[in-house]
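Colleague: Got a predicted model here, sequence first, then my questions.
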Amino acid sequence: MSLALQFRSGLLVFAFAVAECASICLAQAPQQIPLPAPEPRGLDSGAEAAPSPQLSGSLSGTVVDQSGAVVAGAQVRITRKDQSPEDQSASQKMSSGDDGQFSFSNVPPGTFRLTITATGFEAQTFTGTLRSEESQIVPEIKLGIATTSTDVEVGLTRTEVAEEEVKVEEKQRVFGVLPNFYVSYSSDPVPLAPKQKFEIAWKTLIDPATFIFVGGAAGVEQAQNHFKEYGPGAPGYGQRFGAGYADTITSTFIGSALLPSLLKQDPRYFYKGTGSTRSRVLYAVANSFICKGDNGHWQVSYSNIMGSLAAGGLSNLYYPAQDRNGAGLTFVNAGIGLSATAAANLFQEFLVRKLTPNAHHQDPNRP
């Protein structure tokens, strides 16, 4: 065999050997399974992942005033920010406790608004945002004092207005001591109710100044030995005092309470204060015989005249027998009473107001 033929035969054998080895190696190698390519994510790749659920939270806080003191009983309302305060739906409301604190539970997450109101304070609002499952404490809410006021028409009855006038008159005292209850300095007084007429009479009779005045008059009578039958000393003084106080009771109750109530007349003196001296003198003296009726018109003062006569007639029951002269004593005492009224009116018109600290011009609200 030639060298060339041998060389070719050797190459063929080598080629077969290499091919056999290659097939054996491929048979023994592990199999690789190709992975599928990931699908691109986009708007058309399928449904998006579901968001995590939003859970309710809680809100709490404290209501105080400008000084830092807690405000109990303040009304606190929580609403959504886009919800009007008048809309009651989806809102919670509560009052602050004694410690000024409030607390809301089960509050949906999101932007909220708190509205806080309290009597005497300006309303306040607070807005914020609550996260899911958050327990939020809002800053201290300070309420300012209300600076605006609302005028309310209150219709007072005539009796209530008269009661306010009486309260003013009961503070009127000459030199701050002597009662000056039976004079009105109001330009438009309201007539007194019967109950008020008796109240003024009663307060006049039990006033300490009345006892002092009657006691002084009794002392003068004893010093001048009037009503001799009463005698001297303490017993005589006591009887004179008793008679004088009885005169005061009868004249005050009959002339200033009972008859004015029955005849619908006002027992008070109404201060004039303007005009000439002559006109004021005539006005003061005339008021011993005329008065204002409860209807607001001037009329004969039957109450004062008849009261003086009644008091004079009753005095015959307790004055000494030798001093009782029937009708004579009655008219004398009645004349003394009317003269005393005229003198008192002159003092009222020209002097007493200047000596009465609380004699201010008062005009209570009319109904």
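Modeller: Great, that's in hand.
Colleague: ranges for the helices of the protein?
Modeller: Per DSSP state H, the chain carries helices over the ranges 3-28, 158-169, 194-205, 208-223, 233-253, 259-263, 277-286, 302-314, 327-350.
Colleague: Show me the shaky parts of this structure.
Modeller: Residues of the chain meeting the criterion pLDDT under 70: 1-52, 81-90, 147-156, 323-334, 337, 358-367.
Colleague: Now with 80, please.
Modeller: Within the chain, the segments meeting pLDDT under 80 span 1-54, 80-91, 146-158, 187-188, 308-338, 340, 357-367.
Colleague: so which of the helices of the chain gets nearest L59?
Modeller: For the helices of the chain, the distance to L59 is smallest for helix 158-169, at 48.1 Å, taking CB to CB. From N, CA and C alone the C-beta is placed, and that goes for glycine too.
Colleague: Turn the helices of the chain into JSON lines, columns for distance to F104 and mean neighbour count.
Modeller: Shown next, in JSON lines, are the helices of the chain (distance: least, CB to CB, whole Å; neighbours: other CB atoms under 10 Å):
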{"stretch": "helix 3-28", "distance to F104": "75", "mean neighbour count": "9"}
{"stretch": "helix 158-169", "distance to F104": "46", "mean neighbour count": "17"}
{"stretch": "helix 194-205", "distance to F104": "55", "mean neighbour count": "18"}
{"stretch": "helix 208-223", "distance to F104": "63", "mean neighbour count": "15"}
{"stretch": "helix 233-253", "distance to F104": "67", "mean neighbour count": "18"}
{"stretch": "helix 259-263", "distance to F104": "63", "mean neighbour count": "19"}
{"stretch": "helix 277-286", "distance to F104": "72", "mean neighbour count": "15"}
{"stretch": "helix 302-314", "distance to F104": "70", "mean neighbour count": "21"}
{"stretch": "helix 327-350", "distance to F104": "68", "mean neighbour count": "17"}
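Colleague: Any chance of those in CSV with distance to L55 as columns?
Modeller: Conversion of these to CSV gives the following (distance: least, CB to CB, whole Å):
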stretch, distance to L55
helix 3-28, 60
helix 158-169, 60
helix 194-205, 69
helix 208-223, 78
helix 233-253, 82
helix 259-263, 77
helix 277-286, 87
helix 302-314, 84
helix 327-350, 83
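Colleague: I'd like to know how many residues surround the residue lying closest to S60 once chain neighbours are set aside.
Modeller: Nearest in space to S60, with sequence neighbours left out and distances taken as CB to CB, 6 or more residues apart in numbering, is S103 at 4.0 Å. Other residues lying near S103 total 14 when counted by other CB atoms under 10 Å.
Colleague: just to revisit the earlier point, and G293, which of the helices of the chain is closest to it?
Modeller: Nearest to G293 among the helices of the chain is helix 259-263 (8.1 Å), distances taken as CB to CB.
Colleague: Can you give the domain ranges for this structure?
Modeller: For the chain, automatic domain parsing gives the domain ranges 57-143, 158-355.
Colleague: what separates the longest one from the chain centre, distance-wise?
Modeller: With CA atoms, centre = their mean, to the nearest Å as the basis, the distance from the averaged C-alpha position of domain 158-355 to the chain average is 38 Å.
Colleague: got it, and stretch 101-110?
Modeller: 34 Å.
Colleague: Okay, buried residues for it please.
Modeller: For stretch 101-110, a neighbour-count test (16 or more other CB atoms under 10 Å) marks 102, 104, 107 as buried.
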